[in-house]
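Colleague: based on what follows, work out the 3D shape:
(one chain, ligands or ions: 1)
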Amino acid sequence: MSARPRVLVTGAEGLIGGVVRARLGDAYDLRALTWRPAPFPSHVADIADLEAIRPAFGGVDAVVHMAGTPHVSSSWEDVLRSNIVGTRNVLEAAREAGVERVVLASSNHAVGMYEIEAAPAIYALDDPRVVAEDAPVRPDSDYGVGKVFAEAIGRMYADRFGMRVVCLRIGSVVADDDPTGPSVLATAAWMPWLTDDDRRARLRATWLSQRDCAELIRCSLEADVRFAVAYGVSDNPRRFWSLDGARALDFVPLDRAPA
Ligand SMILES: NC(=O)c1ccc[n+]([C@@H]2O[C@H](COP(=O)([O-])OP(=O)(O)OC[C@H]3O[C@@H](n4cnc5c(N)ncnc54)[C@H](O)[C@@H]3O)[C@@H](O)[C@H]2O)c1
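Modeller: Below you'll find the predicted structure:
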């Protein structure tokens, strides 16, 4: 990429979009796409509307696609609109505009059943189980199915159209950026059998700090790969998702949840 590449961030008003704007604005000439008017310059459109989003892609070198419904409990209608139709439209608009690179927000929920069938034992510091990048997908929800779709269509755009596509199976990026803070107890609502201590142990294993999240996205924008799937998780004392895929993108996690 040329000096200070132009990078379009979809979902720029969201949590991770905000992390990208706060931390990668020096490295990249960032452009924003948001669903609603934002307090910063932005192309406002629904990603389910291909025609409406097209103008945002002109002249950009790369896309960081974070727009979508982020909840495991999302309705099928929301998944279909924002995560399935929306992700296809983002890739198609990128292809039409000749954009070479797309970093896609996937999720650990593409493989969430490995965790659900093993929780809470899998959170223990001495549990050896790790889900690899190439483990068969096992989505745990309509939301997870939408992320499997994103990875599949990302692969198709890489294979058929020569785009560089990195899919990030993001762990837990939390608003207060604190793996031990009050947000812990609001996590993992889809597993009602977990105790508060289980939820603390889960976030200790799944936390991705905002600093590491930005760095992983930066590495994904720079990587010399045609297609990759990587988990996004900090160097936590217990992890049950592999970091090999992220390390292959030259990602070096700087943060670690306290044991
Ligand atoms: N935060 C996490 O820990 C986490 C974990 C795994 C995956 N992810 C994924 O990362 C991405 C960003 O997550 P986040 O935590 O920042 O969520 P967020 O809800 O804060 O941000 C998502 C943004 O997407 C926008 N959006 C949704 N539907 C849209 C549509 N149809 N058109 C245009 N914009 C739309 C929303 O307005 C919102 O600002 C999501 O795809 C999410 O599934 C996040």
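Colleague: how far away from the center of its chain is the strand or helix carrying L221?
Modeller: Assigned by DSSP states H and E, L221 belongs to helix 210-222. Mean C-alpha position of helix 210-222 versus that of the full chain (Cα atoms, centre = their mean, to the nearest Å) differs by 10 Å.
Colleague: does it reach the ligand?
Modeller: No. Helix 210-222 lies out of reach of the ligand by Cβ under 6 Å from any ligand atom, never closer than 8.3 Å. The C-beta positions use only the backbone N, C-alpha and C, and glycine is treated the same way.
Colleague: buried sites along that helix?
Modeller: Within helix 210-222, the residues scored as buried using 16 or more other Cβ atoms under 10 Å are Q210, D212, C213, A214, E215, L216, I217, R218, C219, S220, L221.
Colleague: right, and the first one touches V173 too?
Modeller: Yep, that's Q210 we're talking about. Yes. Applying Cβ atoms under 8 Å as the test, Q210 and V173 come out as touching, 6.4 Å apart.
Colleague: re the thing from before, in a markdown table, list the buried residues of helix 210-222 along with pLDDT and distance to H71.
Modeller: Output for the buried residues of helix 210-222, formatted as a markdown table (pLDDT from 0 to 100; distance: Cβ to Cβ, whole Å):
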| residue | pLDDT | distance to H71 |
| --- | --- | --- |
| Q210 | 98 | 19 |
| D212 | 98 | 22 |
| C213 | 99 | 18 |
| A214 | 98 | 22 |
| E215 | 98 | 25 |
| L216 | 98 | 22 |
| I217 | 99 | 21 |
| R218 | 98 | 26 |
| C219 | 98 | 27 |
| S220 | 98 | 23 |
| L221 | 98 | 26 |
